[in-house]
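In: one predicted model, sequence on top.
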Amino acid sequence: MDRRVVITGIGLYSSIGNGKKEVLDSLRKGKSGIVYDKAREEIGYRSCLTGMVEDPDLKPYLSRRERIGMHQPAMFAYMSTMEAMEQAKLDIDFLKKNETGIIYGNDSTAGAVINTIDKLRDRGDTTLIGSGDIFQNMNCTVNMSLSTIYKLKGINITLSAACASGSHSIGMGYLLIKQGLQERVVCGGAQEINVYSMASFDGLGAFSIGHDAPTKASKPFDANRDGLIPSGGAATLIIESLESAEKRGAPILGEILGYGFSSNGDHISNPNFDGQYRSLKMSLEQAGVSAKSIDYVNAHATSTPVGDSMEAQAIHSILGSDVPVSSTKSMTGHECWMAGASEVAYSILMMQNDFIAPNINFENPDEDSKKINVIPEFKEKKIDTFLSNSFGFGGTNSSLIVKKFVK
């Protein structure tokens, strides 16, 4: 079986907007979501910059029993999933009766684990911790919460693959639907934003310290970049077979054509040209399209010196010099486990509205980025097919190709 796989709903809860409408406006304007976080300074962070995402108030939507097991990733993911479900015309009555899976990217619940240990130390009795903490502490907190809230009956797994988690979740959902094993899958990625979540990462010295101008500190591909900025939130995509979408009369936002993946098999944290090259090449081959068919690349580029250079080399080697490239991380910061899903959603908004969001803060190309077509300002552009890259620690790579739907 080789079925067509389409996207019928997207939802976003991001540092650049709560919901698609706000996010679209930010993408058009090149609006940054980066702030200086005083709490990070007080706890001892080297870099106090972050993409800020507020905790949502879920009381209007969920009962206390439903909320009790939800830590930040699950809270953020509920907000994005609620929006995606609405656009896809899915409700709980339908989901109860029709098998729907969930594959969600998430790789940490540091804040919840630390809060639980603090309770134990304070109370000296595990029975006084509270029944909801176990569900908040687990990386599958998003899946556990969403699958029970929405009565999902299909596959139910959390995908943990560092900063490619959200992208791989879409890719794996795509393969299951393509092979006829699922009709539809809720996919996405979520990233916690509390002060505990990135403490060890901050200690590596990989974060920007551009404290004097937070909104200008994330500068992918620019020669003067000094590190990434952590961010978070959640992004949800509803993907399903074309037959299912048409039968339900669901809106079709795009079609997933290809999924490329690879492992560097090398250093645990340093990026690798060969692994990225193979992921990009595989996505084109699997999609059955040529390099010239790609109208836009949403780059992984996080604003680190080595990572951006490796990706620029890979893009140039596979796609050449002309294809427009931008990294929305210049506005959002690095959304980590969420990024692979959110950047597909951001790109769908661009595709629907005929523009390319700018790679803000790009002023001075280096020897690698000058070889590719980085877009520093808002650009009107018809996009029929885009490619989105996501790479992560451990050498995990994912590349997705999405096309405007044509019957």
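Out: Cool, the structure landed. Numbering: from 1, shown residues only.

In: find the nearest non-adjacent residue to E240, please.
Out: R184 (3.4 Å; Cβ to Cβ, 6 or more residues apart in numbering). Every C-beta, even on glycine, is put in place using the N, C-alpha and C of the backbone.

In: what do you get for L400?
Out: Leaving aside its chain neighbours, L400 sits nearest to S388 (5.0 Å; criterion: Cβ to Cβ, 6+ apart).

In: equivalent analysis for D222, please.
Out: Closest residue in space to D222, ignoring its immediate chain neighbours: F362 at 5.1 Å, by Cβ to Cβ, 6+ apart.

In: show the pLDDT at that neighbour.
Out: Note on F362: pLDDT of 98.

In: which residues in the stretch 101-250 of the chain form strands?
Out: 101-105, 156-159, 184-191, 233-241 (DSSP state E, counting those that start in this stretch).

In: pick the most buried one from those.
Out: Each of the strands of the stretch 101-250 of the chain was assessed for mean neighbour count using mean count of other Cβ atoms under 10 Å. The highest is strand 184-191, with a mean of 34.

In: who does that strand pair up with?
Out: strand 101-105 (parallel), strand 233-241 (antiparallel) (DSSP bridges).

In: can you lay out those strands as TSV showing distance to F135 and mean pLDDT?
Out: Shown next, in TSV, are the strands paired with strand 184-191 (distance: least, Cβ to Cβ, whole Å; pLDDT from 0 to 100):
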stretch	distance to F135	mean pLDDT
strand 101-105	14	98
strand 233-241	17	98
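
In: tell me the bridge partners for Q191.
Out: Per DSSP bridges, the residues bridged to Q191 are G233.

In: pretty sure it sits against A234.
Out: Yes - the pair Q191 and A234 passes the contact test of Cβ atoms under 8 Å, sitting 7.4 Å apart.

In: and for those two, which residues touch both?
Out: Common contacts of Q191 and A234, defined by Cβ atoms under 8 Å, 6 or more residues apart in numbering, comprise 73, 76, 338.

In: need the contact list for the closest residue to L176 other than its chain neighbours.
Out: Closest residue to L176 in three dimensions, ignoring its sequence neighbours and counting by Cβ to Cβ, 6+ apart: Q182, at 4.5 Å. With contact set as Cβ under 8 Å, 6+ apart, Q182 has these partners: 99-101, 154-155, 173, 176.

In: low-confidence stretches in the chain?
Out: Low-confidence segments of the chain (pLDDT under 70): 1.

In: centroid-nearest residue for it?
Out: When Cα atoms, centre = their mean is applied to the chain, the residue found nearest the centroid is A339 (2.3 Å).

In: kindly provide the distance from that residue to A223.
Out: Distance of A339 to A223, computed by Cβ to Cβ, to the nearest Å: 23 Å.

In: equivalent analysis for I238, please.
Out: I238 is 40 Å from A223, where distance means Cβ to Cβ.

In: quick check: end-to-end length of stretch 153-173?
Out: Distance across stretch 153-173, first residue to last, is 15 Å (Cα to Cα, to the nearest Å).

In: burial count for L120?
Out: As a burial measure, L120 scores 13 neighbours (other Cβ atoms under 10 Å).

In: need the contact list for it.
Out: Counting by Cβ under 8 Å, 6+ apart, L120 has contacts 126, 129.

In: in the stretch 301-407 of the chain, which spans are helices?
Out: Using DSSP state H, counting those that start in this stretch, the helices found in the stretch 301-407 of the chain span residues 305-319, 329-332, 339-353.

In: give the buried residues for the first one.
Out: Pointing back at helix 305-319 there. For helix 305-319, burial by neighbour count (16 or more other Cβ atoms under 10 Å) applies to 307-316, 318-319.

In: what's it in contact with?
Out: Residues outside helix 305-319 that contact it (Cβ under 8 Å, 6+ apart) are 220-221, 225, 270-273, 276-277, 280-281, 284, 291, 294, 297, 299-302, 323, 325, 366, 368-369, 371-372, 387, 389, 391.

In: is L12 in a bridge, and if so with what?
Out: Beta-bridge partners for L12, by DSSP bridges, are A235.

In: returning to that earlier point: just put the strands of the stretch 101-250 of the chain in TSV and tack on distance to I209.
Out: Formatted as TSV, those follow (distance: least, Cβ to Cβ, whole Å):
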stretch	distance to I209
strand 101-105	28
strand 156-159	32
strand 184-191	21
strand 233-241	23
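
In: from L159, how far out is T148?
Out: T148 is 19 Å from L159, by Cβ to Cβ.

In: correction: E86
Out: Per Cβ to Cβ, E86 is found 24 Å from L159.

In: and for D368?
Out: Per Cβ to Cβ, D368 is found 30 Å from L159.

In: report the contact partners of V5.
Out: The contact partners of V5, by Cβ under 8 Å, 6+ apart, come to 174, 177-178, 239-242, 255-256.
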